[in-house]
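Student: okay, here's the prediction I keep looking at, along with the sequence it came from:
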Amino acid sequence: MAPLRNQSSTSPTFFLVGIRGLEATSPWISLPFCFLYTIAILGNSAVLLAIVKNHNLHKPMYLFLSMLAVSELGVSLSTLPTVLGVFLFGVREIGLDACLSQMFFIHCFSIMDSGVLWAMALDRFIAIYNPLQYATLLTADRIARIGSGITLRSAILMIPLVFLLRRLPFCKSKSHLLAHPYCLHPNLIRIPCADTTLNNRAGLFVVVITFGIDSLCIVLSYVLIFRTVLSISSRDGRLKALNTCVSHICAVVVYYTPMIGLSMVHRFSKHASPLVHSLLAHIYLLVPPALNPIIYSIKTKEIRKTLSKFLTCKKP
(Lines give C-alpha, C1' and ligand atoms only; values in the text may rest on other atoms or scores of the structure.)
Protein backbone atom coordinates (compact mmCIF):
# COMPACT_ATOMS: atom_id res chain seq x y z
CA MET A 1 0.00 0.00 0.00
CA ALA A 2 1.36 3.42 -0.93
CA PRO A 3 2.55 5.58 1.95
CA LEU A 4 0.44 8.50 3.08
CA ARG A 5 2.87 11.38 2.89
CA ASN A 6 2.69 14.57 4.95
CA GLN A 7 2.51 16.63 1.78
CA SER A 8 -0.58 14.83 0.55
CA SER A 9 -4.01 16.36 0.75
CA THR A 10 -4.94 13.90 3.48
CA SER A 11 -2.98 14.75 6.60
CA PRO A 12 -2.36 11.80 8.92
CA THR A 13 -4.38 11.62 12.12
CA PHE A 14 -2.96 10.25 15.37
CA PHE A 15 -4.91 8.62 18.17
CA LEU A 16 -4.08 9.40 21.78
CA VAL A 17 -4.62 7.00 24.67
CA GLY A 18 -5.02 7.61 28.38
CA ILE A 19 -3.43 5.13 30.75
CA ARG A 20 -3.04 1.71 29.17
CA GLY A 21 -5.28 -0.86 30.81
CA LEU A 22 -7.37 1.75 32.63
CA GLU A 23 -9.29 3.24 29.71
CA ALA A 24 -12.66 2.32 31.28
CA THR A 25 -11.92 4.42 34.36
CA SER A 26 -10.94 7.60 32.46
CA PRO A 27 -13.57 9.86 34.13
CA TRP A 28 -12.26 8.89 37.58
CA ILE A 29 -8.60 9.14 36.53
CA SER A 30 -9.28 12.67 35.32
CA LEU A 31 -9.76 13.81 38.95
CA PRO A 32 -6.09 13.48 40.06
CA PHE A 33 -5.00 14.96 36.72
CA CYS A 34 -7.24 17.99 37.23
CA PHE A 35 -5.90 18.34 40.77
CA LEU A 36 -2.26 18.23 39.58
CA TYR A 37 -2.92 20.76 36.82
CA THR A 38 -4.70 23.10 39.22
CA ILE A 39 -1.82 22.97 41.71
CA ALA A 40 0.80 23.36 38.97
CA ILE A 41 -0.85 26.29 37.21
CA LEU A 42 -1.99 28.17 40.31
CA GLY A 43 1.19 27.40 42.27
CA ASN A 44 3.66 28.47 39.58
CA SER A 45 1.54 31.51 38.70
CA ALA A 46 1.49 32.53 42.38
CA VAL A 47 5.28 32.13 42.73
CA LEU A 48 5.85 34.09 39.52
CA LEU A 49 3.44 36.85 40.61
CA ALA A 50 5.08 37.10 44.03
CA ILE A 51 8.53 37.54 42.49
CA VAL A 52 7.35 40.07 39.89
CA LYS A 53 5.39 42.20 42.37
CA ASN A 54 7.86 42.19 45.27
CA HIS A 55 10.96 44.19 44.36
CA ASN A 56 12.79 42.72 47.36
CA LEU A 57 12.72 39.40 45.51
CA HIS A 58 14.45 40.76 42.40
CA LYS A 59 17.61 38.87 43.31
CA PRO A 60 19.45 36.19 41.31
CA MET A 61 18.03 33.23 43.24
CA TYR A 62 14.43 34.38 42.79
CA LEU A 63 14.92 35.45 39.17
CA PHE A 64 16.07 31.91 38.38
CA LEU A 65 13.08 30.61 40.33
CA SER A 66 10.78 32.75 38.18
CA MET A 67 12.35 31.14 35.08
CA LEU A 68 11.64 27.71 36.56
CA ALA A 69 8.02 28.72 37.18
CA VAL A 70 7.65 29.91 33.56
CA SER A 71 9.10 26.69 32.11
CA GLU A 72 6.91 24.52 34.33
CA LEU A 73 3.83 26.53 33.40
CA GLY A 74 4.83 25.90 29.80
CA VAL A 75 5.06 22.14 30.34
CA SER A 76 1.68 22.04 32.10
CA LEU A 77 -0.13 24.19 29.52
CA SER A 78 1.42 22.22 26.63
CA THR A 79 -0.04 18.92 27.82
CA LEU A 80 -3.27 20.26 29.34
CA PRO A 81 -5.54 20.44 26.22
CA THR A 82 -5.06 16.87 25.03
CA VAL A 83 -4.87 15.28 28.50
CA LEU A 84 -8.20 16.78 29.55
CA GLY A 85 -9.61 16.12 26.09
CA VAL A 86 -8.81 12.41 26.38
CA PHE A 87 -9.84 11.88 30.00
CA LEU A 88 -12.86 14.18 30.23
CA PHE A 89 -14.32 14.35 26.73
CA GLY A 90 -12.98 11.27 24.99
CA VAL A 91 -11.37 13.35 22.22
CA ARG A 92 -8.54 11.12 21.05
CA GLU A 93 -7.75 12.33 17.52
CA ILE A 94 -5.06 14.88 16.75
CA GLY A 95 -3.68 16.06 13.41
CA LEU A 96 -0.05 15.94 12.36
CA ASP A 97 0.65 19.69 12.65
CA ALA A 98 -1.05 19.96 16.04
CA CYS A 99 0.82 16.89 17.27
CA LEU A 100 4.20 18.20 16.10
CA SER A 101 3.48 21.60 17.67
CA GLN A 102 2.61 19.99 20.99
CA MET A 103 5.71 17.79 20.82
CA PHE A 104 7.87 20.86 20.18
CA PHE A 105 6.52 22.82 23.14
CA ILE A 106 6.52 19.89 25.61
CA HIS A 107 10.15 19.01 24.90
CA CYS A 108 11.22 22.64 24.56
CA PHE A 109 9.89 23.58 28.02
CA SER A 110 11.26 20.33 29.51
CA ILE A 111 14.73 21.20 28.19
CA MET A 112 14.32 24.71 29.60
CA ASP A 113 13.45 23.14 32.97
CA SER A 114 16.69 21.20 32.92
CA GLY A 115 18.73 24.25 31.92
CA VAL A 116 17.19 26.42 34.64
CA LEU A 117 17.92 23.77 37.28
CA TRP A 118 21.56 23.80 36.19
CA ALA A 119 21.62 27.62 36.32
CA MET A 120 20.16 27.48 39.84
CA ALA A 121 22.92 25.05 40.88
CA LEU A 122 25.47 27.53 39.53
CA ASP A 123 23.71 30.29 41.48
CA ARG A 124 24.00 28.31 44.72
CA PHE A 125 27.68 27.52 44.06
CA ILE A 126 28.58 31.20 43.53
CA ALA A 127 26.52 32.26 46.59
CA ILE A 128 28.43 29.80 48.82
CA TYR A 129 31.88 29.85 47.20
CA ASN A 130 32.16 33.60 46.62
CA PRO A 131 29.38 35.39 48.56
CA LEU A 132 31.14 38.78 48.53
CA GLN A 133 31.04 38.97 44.72
CA TYR A 134 27.70 37.18 44.31
CA ALA A 135 25.75 40.29 43.29
CA THR A 136 28.61 41.46 41.06
CA LEU A 137 28.92 38.16 39.19
CA LEU A 138 25.19 37.50 38.78
CA THR A 139 23.90 40.84 37.57
CA ALA A 140 20.40 41.25 36.13
CA ASP A 141 21.89 41.60 32.65
CA ARG A 142 23.90 38.39 33.02
CA ILE A 143 20.88 36.49 34.34
CA ALA A 144 18.82 37.71 31.38
CA ARG A 145 21.54 36.41 29.04
CA ILE A 146 21.55 33.04 30.79
CA GLY A 147 17.75 32.84 30.50
CA SER A 148 17.88 33.81 26.82
CA GLY A 149 20.59 31.22 26.20
CA ILE A 150 18.54 28.48 27.87
CA THR A 151 15.48 29.40 25.79
CA LEU A 152 17.40 29.60 22.51
CA ARG A 153 19.16 26.30 23.18
CA SER A 154 15.80 24.58 23.66
CA ALA A 155 14.28 25.99 20.48
CA ILE A 156 17.37 25.48 18.30
CA LEU A 157 17.69 21.83 19.35
CA MET A 158 13.98 21.02 18.94
CA ILE A 159 13.29 22.69 15.57
CA PRO A 160 15.35 20.14 13.56
CA LEU A 161 13.49 17.24 15.24
CA VAL A 162 10.18 18.69 14.05
CA PHE A 163 11.37 19.03 10.45
CA LEU A 164 12.97 15.57 10.47
CA LEU A 165 9.61 14.09 11.45
CA ARG A 166 7.65 16.32 9.08
CA ARG A 167 9.51 14.97 6.04
CA LEU A 168 8.68 11.30 6.79
CA PRO A 169 5.78 9.35 5.20
CA PHE A 170 3.03 7.86 7.37
CA CYS A 171 1.42 4.71 5.95
CA LYS A 172 -2.28 3.99 6.12
CA SER A 173 -1.43 0.36 6.84
CA LYS A 174 0.45 1.25 10.05
CA SER A 175 -1.19 2.12 13.35
CA HIS A 176 -1.12 5.79 14.29
CA LEU A 177 -1.81 5.03 17.95
CA LEU A 178 0.33 6.99 20.42
CA ALA A 179 1.16 5.66 23.87
CA HIS A 180 0.13 8.76 25.85
CA PRO A 181 -2.55 11.48 25.85
CA TYR A 182 0.03 13.87 24.36
CA CYS A 183 2.63 13.79 21.57
CA LEU A 184 6.23 12.91 22.48
CA HIS A 185 9.17 12.45 20.12
CA PRO A 186 10.03 8.84 21.20
CA ASN A 187 6.45 7.77 20.36
CA LEU A 188 6.16 9.65 17.08
CA ILE A 189 9.36 8.24 15.54
CA ARG A 190 7.92 4.70 15.81
CA ILE A 191 5.03 5.47 13.45
CA PRO A 192 6.51 6.49 10.05
CA CYS A 193 6.89 3.75 7.45
CA ALA A 194 10.45 4.81 6.58
CA ASP A 195 13.95 4.62 8.03
CA THR A 196 14.06 6.70 11.23
CA THR A 197 17.73 6.14 12.06
CA LEU A 198 18.52 9.83 11.60
CA ASN A 199 15.57 10.80 13.82
CA ASN A 200 16.73 8.39 16.55
CA ARG A 201 20.27 9.71 16.44
CA ALA A 202 19.10 13.31 16.47
CA GLY A 203 16.83 12.60 19.45
CA LEU A 204 19.66 10.88 21.34
CA PHE A 205 21.96 13.82 20.59
CA VAL A 206 19.42 16.27 22.03
CA VAL A 207 19.00 14.17 25.19
CA VAL A 208 22.78 13.90 25.74
CA ILE A 209 23.52 17.56 24.97
CA THR A 210 20.77 18.79 27.31
CA PHE A 211 19.73 16.46 30.12
CA GLY A 212 23.04 14.59 30.13
CA ILE A 213 25.30 17.64 30.30
CA ASP A 214 22.95 19.57 32.61
CA SER A 215 22.80 16.71 35.13
CA LEU A 216 26.61 16.35 35.09
CA CYS A 217 27.01 20.11 35.66
CA ILE A 218 24.53 19.97 38.56
CA VAL A 219 26.43 17.08 40.16
CA LEU A 220 29.76 18.90 39.66
CA SER A 221 28.29 22.08 41.16
CA TYR A 222 27.21 20.23 44.29
CA VAL A 223 30.56 18.46 44.61
CA LEU A 224 32.16 21.91 44.70
CA ILE A 225 29.44 23.24 47.02
CA PHE A 226 29.92 20.42 49.55
CA ARG A 227 33.68 20.84 49.32
CA THR A 228 33.30 24.56 50.09
CA VAL A 229 30.81 23.92 52.91
CA LEU A 230 33.18 21.44 54.57
CA SER A 231 35.85 24.13 54.65
CA ILE A 232 33.61 26.40 56.76
CA SER A 233 34.82 26.21 60.34
CA SER A 234 31.52 27.03 62.06
CA ARG A 235 28.89 24.26 62.31
CA ASP A 236 26.12 26.87 62.18
CA GLY A 237 27.73 28.36 59.09
CA ARG A 238 27.82 24.98 57.37
CA LEU A 239 24.17 24.30 58.19
CA LYS A 240 23.12 27.77 57.05
CA ALA A 241 24.95 27.32 53.73
CA LEU A 242 23.44 23.89 53.14
CA ASN A 243 19.97 25.10 54.07
CA THR A 244 20.02 27.53 51.12
CA CYS A 245 20.39 24.51 48.80
CA VAL A 246 17.60 22.31 50.21
CA SER A 247 14.83 23.63 47.96
CA HIS A 248 16.95 23.27 44.84
CA ILE A 249 18.10 19.76 45.77
CA CYS A 250 14.46 18.74 46.23
CA ALA A 251 13.55 20.26 42.84
CA VAL A 252 16.41 18.35 41.15
CA VAL A 253 15.37 15.07 42.79
CA VAL A 254 11.71 15.59 41.85
CA TYR A 255 12.67 16.39 38.25
CA TYR A 256 15.34 13.77 37.51
CA THR A 257 14.06 10.76 39.48
CA PRO A 258 11.03 10.07 37.22
CA MET A 259 13.18 10.70 34.13
CA ILE A 260 15.81 8.19 35.25
CA GLY A 261 13.08 5.70 36.18
CA LEU A 262 11.44 6.07 32.77
CA SER A 263 14.80 5.64 30.99
CA MET A 264 15.62 2.53 33.03
CA VAL A 265 12.24 0.96 32.26
CA HIS A 266 12.60 1.69 28.53
CA ARG A 267 16.14 0.25 28.42
CA PHE A 268 16.12 -2.67 30.85
CA SER A 269 12.46 -3.63 31.34
CA LYS A 270 11.15 -4.13 27.82
CA HIS A 271 8.57 -6.60 29.13
CA ALA A 272 7.25 -4.20 31.77
CA SER A 273 3.52 -3.52 31.72
CA PRO A 274 2.39 -0.60 29.50
CA LEU A 275 0.74 0.71 32.67
CA VAL A 276 4.21 1.23 34.23
CA HIS A 277 5.43 3.15 31.17
CA SER A 278 2.30 5.34 31.17
CA LEU A 279 2.43 6.13 34.88
CA LEU A 280 6.14 7.05 34.79
CA ALA A 281 5.62 9.30 31.77
CA HIS A 282 2.73 11.08 33.51
CA ILE A 283 4.72 11.45 36.74
CA TYR A 284 7.69 12.89 34.83
CA LEU A 285 5.63 15.58 33.09
CA LEU A 286 2.92 16.39 35.65
CA VAL A 287 4.33 15.92 39.15
CA PRO A 288 7.40 18.27 39.17
CA PRO A 289 5.40 21.35 38.07
CA ALA A 290 2.90 20.63 40.87
CA LEU A 291 5.45 19.91 43.62
CA ASN A 292 8.09 22.59 43.00
CA PRO A 293 5.89 25.61 43.91
CA ILE A 294 4.97 23.81 47.13
CA ILE A 295 8.63 23.02 47.88
CA TYR A 296 9.77 26.61 47.34
CA SER A 297 6.80 28.09 49.18
CA ILE A 298 7.47 25.91 52.23
CA LYS A 299 11.26 26.19 52.27
CA THR A 300 11.67 29.84 51.20
CA LYS A 301 10.50 32.27 53.86
CA GLU A 302 10.50 35.30 51.54
CA ILE A 303 8.21 33.59 49.02
CA ARG A 304 5.94 32.35 51.81
CA LYS A 305 5.67 35.78 53.39
CA THR A 306 4.96 37.50 50.07
CA LEU A 307 2.25 35.00 49.13
CA SER A 308 0.72 35.34 52.60
CA LYS A 309 0.56 39.13 52.20
CA PHE A 310 -1.10 38.77 48.82
CA LEU A 311 -3.70 36.41 50.22
CA THR A 312 -4.47 38.81 53.07
CA CYS A 313 -4.55 41.77 50.63
CA LYS A 314 -1.63 43.50 52.28
CA LYS A 315 1.03 45.36 50.31
CA PRO A 316 4.30 43.30 50.20
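Tutor: Sure, I can see it.
Student: can you tell me which residues contact Asn44?
Tutor: 69-70, 72-73, 76, 289, 292-293 (Cβ atoms under 8 Å, 6 or more residues apart in numbering). (C-beta placed from N, C-alpha, C; glycine too.)
Student: ditto for Leu291
Tutor: Val254.
Student: one more time with 10 Å
Tutor: By Cβ atoms under 10 Å, 6 or more residues apart in numbering, the residues touching Leu291 are 36, 39-40, 43, 72, 250-251, 253-255.
Student: beyond the host helix or strand of it, next helix or strand please.
Tutor: Secondary structure here is read from DSSP states H and E; on that basis Leu291 sits in helix 274-299. The first helix or strand that comes after helix 274-299 along the chain, using DSSP H and E, is helix 301-311.
Student: turn the contacts of Asn44 into a markdown table, columns for pLDDT and neighbour count.
Tutor: Written out in a markdown table, the entries for the contacts of Asn44 read as follows (pLDDT from 0 to 100; neighbours: other Cβ atoms under 10 Å):
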| residue | pLDDT | neighbour count |
| --- | --- | --- |
| Ala69 | 95 | 25 |
| Val70 | 96 | 19 |
| Glu72 | 96 | 29 |
| Leu73 | 96 | 20 |
| Ser76 | 95 | 24 |
| Pro289 | 94 | 29 |
| Asn292 | 92 | 26 |
| Pro293 | 91 | 26 |
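Student: out of those, who's nearest Asp195?
Tutor: The closest of the contacts of Asn44 to Asp195 turns out to be Ser76 (Cβ to Cβ; 34.9 Å).
Student: that closest one and Phe109, how far apart?
Tutor: In this structure, Ser76 lies at 9 Å from Phe109, with Cβ to Cβ, to the nearest Å as the measure.
Student: how about the strands in this structure?
Tutor: Listed in chain order, the strands of the chain (DSSP state E) span 3-4, 13-15, 93-95, 170-171.
Student: now the spatially most central residue of the chain: closest residue in space, sequence neighbours ignored.
Tutor: To find the centre residue of the chain, average its C-alpha atoms and take the closest one (Cα atoms, centre = their mean): that gives Ser110, at 3.1 Å. With Cβ to Cβ, 6 or more residues apart in numbering as the measure, Val75 is the residue that lies nearest to Ser110, at 6.0 Å, once sequence neighbours are left out.
Student: quick one, the helix holding Leu291 and helix 301-311 angle?
Tutor: 90 degrees (axes from the mean of the first three to the mean of the last three Cα atoms, to 10 degrees).
Student: picking that back up, residues near the residue nearest to Ser110, how many?
Tutor: By other Cβ atoms under 10 Å, 24 other residues sit near Val75.
Student: same thing with Ile126?
Tutor: A count of nearby residues for Ile126, using other Cβ under 10 Å, gives 19.
Student: now do the helices in the stretch 101-250 of the chain.
Tutor: For the stretch 101-250 of the chain, helices defined by DSSP state H, counting those that start in this stretch occupy the ranges 134-137, 140-166, 185-188, 197-207, 213-230, 235-243, 246-268.
Student: what sits against Val70?
Tutor: Val70 sits next to 44-45, 47-48, 109, 112-113, 116, 147, 151 when contact means Cβ under 10 Å, 6+ apart.
Student: name the helix or strand of the protein that has the lowest mean pLDDT.
Tutor: The element with the least model confidence among the helices and strands of the chain, by mean pLDDT, DSSP states H and E, is strand 3-4, at a mean of 42.
Student: thinking again about what came up before, I'd like to know which of the strands of the chain is closest to Phe105.
Tutor: When the strands of the chain are compared (using Cβ to Cβ), the closest one is strand 93-95, at 13.5 Å.
Student: that closest one pairs with which strands, parallel or anti?
Tutor: strand 13-15 (antiparallel) (DSSP bridges).
Student: buried residues in the strand it pairs with?
Tutor: Applying a neighbour-count criterion of 16 or more other Cβ atoms under 10 Å, one finds Phe14 buried in strand 13-15.
Student: list the buried residues in stretch 208-215.
Tutor: Neighbour-count burial for stretch 208-215 [16+ other Cβ under 10 Å]: 210-211, 214-215.
Student: stretch 298-314 - what's its average pLDDT?
Tutor: Looking at stretch 298-314 alone, the average pLDDT works out to 75.
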